[in-house]
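Engineer: okay, structure incoming, though there's no sequence with it:
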């Protein structure tokens, strides 16, 4: 978009200062993001973002969730006497015409504005130190929101619902749009998936039985969804669009799926795929340090299950997309989504080989 168009959008919000520059920021895959600078030295820098309403169809729900979460975290930080709060929780700017509204719609597109966090960085790589920080930060995030007084909406319906993902796969098998169902490697993958189906749907069963509560979860727990200061201390959790009610397994298992694989999720060298126990141990220590105050025994006991659940879920989803003709994830060659699915199955098998060791480590952490 042109500078004058972006400036006109920014000026719909109750900003301090005068806009003097707008430039693209980052390389996000979902939302378009811009850095907005102001002329006055005392005025803040802002971040303008276009919310992708194809991914998040109910933008109003997304922003209501975010408003509830950020205000609750801010209150918790104030009660704890924390300093530098403006760098420890995101602050969104309301519209000039409506102090209760944190987004606007222009020509069918949705926009929001937040204060840029100064002197902060994100990280892209995972090691034991950053994994421990991530576990501590995401555990603390959940802990601060454990008593939030409002019920959040589900911004992506059934996002981490294993039963739903398996049903999607079965529908794709019936339709077999690309004629890929009877490929030998697909049939073998389906046998592996079916053999684990009952066990991997345990969370939904426990939820219905009342033994597993829904929590406020981030649901996209990657290391680059945190801001660090220049001393490598975590400032805050960012990218809150997916914050919604879910089982704690979502935040715990999803981080390990991406962070603890020795290779990328589409690496075709299956011999290189494996579960990094150093990352598991570091993330688990950090997570339980922050989250043990509210976790139930059933949640703690099933953390190793969560580490297996998410490679399984992603294996199912990649195979679903492969059978459907690669409509969801971008694919660079015809077998790309099958390779992704196979990669995740190998990761799952590696996780399964460490199951007893993980259970013992979790129990050890809880005794500290």
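Structural biologist: Yep, that arrived. These numbers come from a predicted model, not from an experiment.

Engineer: rest of the way, CA atoms for contacts and neighbours
Structural biologist: OK.

Engineer: for the residue lying closest to residue 229 once chain neighbours are set aside, list the residues it contacts.
Structural biologist: For residue 229, ignoring the flanking residues on the chain, the nearest one in space by CA to CA, 6 or more residues apart in numbering is residue 120 at 4.7 Å. Residue 120 makes contacts with 227, 228, 229, 230, 235, as judged by CA atoms under 8 Å, 6 or more residues apart in numbering.

Engineer: just the ones of those in strands?
Structural biologist: 227, 228, 235 (DSSP state E).

Engineer: run through who's touching the helix or strand containing residue 256.
Structural biologist: Assessed by DSSP states H and E, residue 256 sits inside helix 249-259. With CA under 8 Å, 6+ apart as the contact definition, helix 249-259 has outside contacts at 126, 131, 135, 138, 160, 217-223, 264-265, 279-280, 283, 287, 299, 303, 306-311.

Engineer: not counting sequence-adjacent ones, nearest residue to residue 143?
Structural biologist: residue 291 (5.7 Å).

Engineer: okay, now that neighbour: neighbour count?
Structural biologist: Residues near residue 291, counting by other CA atoms under 10 Å, number 23.

Engineer: that one and residue 182, how far apart?
Structural biologist: 45 Å (CA to CA, to the nearest Å).

Engineer: quick one, grab the pLDDT at the residue nearest in space to the middle of the chain.
Structural biologist: Centroid-nearest residue in the chain, with CA atoms, centre = their mean: residue 220, separated by 0.3 Å. Residue 220 carries a pLDDT value of 92.

Engineer: list the contacts of it.
Structural biologist: Counting by CA under 8 Å, 6+ apart, residue 220 has contacts 242, 251, 254, 255.

Engineer: for the most far-flung residue of the chain relative to its centre, which non-adjacent residue is closest in space?
Structural biologist: What lies farthest from the middle of the chain is residue 40; by CA atoms, centre = their mean that is 35.3 Å. With CA to CA, 6+ apart as the criterion, residue 40 has its nearest non-adjacent residue at 5.8 Å, and that residue is residue 17.

Engineer: residues in contact with that neighbour?
Structural biologist: Contacts of residue 17 by CA under 8 Å, 6+ apart are 38, 39, 40, 43, 44.

Engineer: any weak-confidence spans in the protein?
Structural biologist: Residues of the chain meeting the criterion pLDDT under 70: 27-30.

Engineer: mind listing the strands for it?
Structural biologist: Assigned strands in the chain, in chain order: 19-24, 32-38, 46-51, 104-106, 109-115, 215-217, 226-228, 234-237, 244-246 (criterion: DSSP E).

Engineer: and for residue 63, the neighbour number?
Structural biologist: 20.

Engineer: all numbers from here: first residue = 32
Structural biologist: Taking 32 as the first residue, the last one we looked at is residue 94.
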